[in-house]
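> My questions concern the predicted model and sequence given below.
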Amino acid sequence: MDSSETQNEKADTSTDEKTITVTDSYGREVTVPYEIEHTICIGAGTLRYLSYLGEQGTIVGVEDIEQWEESVEAPERPYRIANPQFGDSEKYPFIGAFRGKYDAESILTLSPAPDVIFYSYSNAEDADKLSSDVGIPVVGLNDGNTGDENMKQSLRIMGQVMDREQRASEVITFFEEEIAELNERTKDEETVNAYIAGVSYRGSHGILSTQPDYPPFEYVNVNNVGSSVSKTGDWEGYQIGDDALFQWDSNPGIDYIFIDLGTYDFSENGNTHTNEKYGIESFATGGVYAELDAAKAGRLYGVIPYNWYSTNHGNVLADAWYVGKVVYPSKFEDTNPQEKANEIYSFLYAESPENEDIYETMTDNFGHGFGQISFE
């Protein structure tokens with residue numbers, strides 16, 4: 001029995017039939033009302049998960065990030081596109097700054113008051129403090145990576161609290177089946193080597209920002225040439241040296257370069273986390289990396305950023321289907337990556353106000369989408 005199943009079994013109806021007790025991701029026993037009508041979400045990922053479960057209608061206040069000008073006028077996060085109502089500051093009052101910087105006084109003035117608070121990227125001690133500060137049950141969640149046990153556990157816990165266990169199970173199964181199908185289509189193919197450039201993390205970065213365990217490569221059995229890279233600096237990201245791409249181009253070779261399209265927002269030395277040298281133009285004629293085999297052959301392709309207020313899990317899947325289509329076209333003849341992306345978002349946000357054409361809205365707002373990158 002895995003840990004998530006153990007957590008699931010720990011949900012227990014208390015002697016008072018108006019409450020239930022659940023075990024959250026921090027191992028805390030939390031008693032919540034049996035019927036939840038109003039909620040708030042604090043920290044990255046929680047509002048996204050609540051939207052997956054179709055319970056966005058219970059929200060009574062939001063963090064400031066949901067009402068930033070760009071979030072209202074040109075949102076890029078799919079859950080935010082699916083839920084434009086969160087931009088209404090009168091209906092959804094301020095509860096604190098993003099990344100979990102809650103404001104207890106603002107929470108205490110909410111009317112109606114939330115029955116429960118979902119809280120991520122924290123710990124048991126902080127969750128207890130928040131609950132004490134506002135007198136509301138707090139359920140701690142680990143956001144998790146796409147399809148991993150933390151993600152599944154958090155969805156199950158939220159499903160228990162919201163009485164949406166069936167939907168939580170459907171979402172978990174959806175991710176499991178998508179990942180399994182991607183692997184099945186590509187498991188017998190000759191492995192190709194690829195580099196993921198410019199991975200966004202707490203902002204845009206230059207092309208030397210990468211990810212050694214890039215899920216879209218893993219799901220379609222692509223060899224990540226940067227798989228041995230370690231974290232560098234104090235920004236908790238992965239940054240390769242100036243010569244690494246030249247070395248990998250010689251051995252083992254770089255067949256394809258996929259570029260996180262967040263690099264289009266990158267300006268040299270413009271990121272607060274690190275001083276970076278090279279933007280996407282470094283692959284263009286005369287650029288420092290123009291002579292890489294993939295650059296000369298035009299094998300440069302844009303993928304959607306998914307690190308934006310934690311992992312946008314639908315973007316991870318959409319990117320994987322696109323990478324598969326590019327690298328193994330014969331195995332994905334039946335796949336239109338744009339249509340597939342919309343299918344993913346339509347399932348995940350099936351009960352949100354906007355659940356159609358999310359890919360087009362996102363990429364229009366972002367300014368780029370899937371496709372080959374050229375500099376002509």
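Sure thing, it's come through. Fair warning: this is a prediction, and the values are worked out from it, not measured in the lab. Residues are numbered from 1 along each chain as shown.

> Report pLDDT for residue 265.
We have a pLDDT of 76 for residue 265.

> burial of the closest residue to it other than its chain neighbours, as a residue count?
Distances taken as C-beta to C-beta, 6 or more residues apart in numbering place residue 204 nearest to residue 265, at 4.1 Å, with adjacent residues excluded. Bear in mind the C-beta positions are built from the backbone N, C-alpha and C, glycine included. For residue 204, the neighbour count with other C-beta atoms under 10 Å is 22.

> I figured residue 204 hits residue 261, correct?
No: contact status for residue 204 versus residue 261: not in contact, 9.2 Å apart, counting by C-beta atoms under 8 Å.

> Quick check: neighbours shared by the two?
A shared contact of residue 204 and residue 261, defined by C-beta atoms under 8 Å, 6 or more residues apart in numbering, is any residue touching both; here these are residue 198.

> Kindly report the domain assignment for this structure.
Following the assignment in automatic domain parsing, the chain carries domains at 3-176, 191-372.

> Now distance to residue 183 too, for the ones you listed, in CSV please.
Formatted as CSV, these follow (distance: least, C-beta to C-beta, whole Å):
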stretch, distance to residue 183
domain 3-176, 11
domain 191-372, 6
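
> Run through the protein and note the low-pLDDT ranges.
Counting by pLDDT under 70, the chain has low-confidence residues at 1-16, 233-236, 267-275.

> pretty sure residue 41 belongs to a helix, no?
No: counting by DSSP: H, G, I helix; E, B strand; the rest coil, residue 41 is not part of a helix but strand.

> how close does residue 205 get to residue 316?
Summarising the geometry, the distance separating residue 205 from residue 316, computed by C-beta to C-beta, to the nearest Å, is 18 Å.

> Those two: which is more packed in?
Set side by side, residue 205 and residue 316 show more neighbours around residue 205, with 30 against 24, by other C-beta under 10 Å.

> From what I see, that one and residue 199 are in contact.
Yes: counting by C-beta under 8 Å, residue 205 sits close enough to residue 199 to count as a contact (6.5 Å).

> Sticking with the residue nearest to residue 319 when sequence neighbours are not counted, tell me its helix or strand.
Closest residue to residue 319 apart from its sequence neighbours, by C-beta to C-beta, 6+ apart: residue 216 at 4.1 Å. Take DSSP states H and E as the rule and residue 216 turns out to sit in helix 215-219.

> Identify all contacting residues around that helix.
The set of residues that contact helix 215-219 without belonging to it, under C-beta under 8 Å, 6+ apart, is 145-146, 179, 182-183, 194, 196, 222-224, 258, 303, 316-317, 319-320, 322-324.

> can we see that at 6 Å?
Contact partners of helix 215-219, identified using C-beta atoms under 6 Å, 6 or more residues apart in numbering, comprise 146, 179, 182, 224, 316, 319-320, 323.

> Over to stretch 221-228?
The list of residues contacting stretch 221-228 from outside it, by C-beta under 6 Å, 6+ apart, reads 186-187, 191-195, 210, 212, 214, 217, 248, 254, 327.

> Quick check: of those, which lies closest to residue 67?
Residue 67 has its nearest neighbour among the contacts of stretch 221-228 in residue 214, at 31.5 Å by C-beta to C-beta.

> roughly how far apart are that closest one and residue 359?
As it turns out, when the distance is counted by C-beta to C-beta, residue 214 lies 20 Å from residue 359.

> This protein: helices as residue ranges?
Using DSSP state H, the helices assigned to the chain run over residues 3-9, 46-52, 69-73, 78-82, 104-108, 124-134, 149-162, 165-186, 215-219, 244-250, 293-296, 313-327, 337-348, 358-366.
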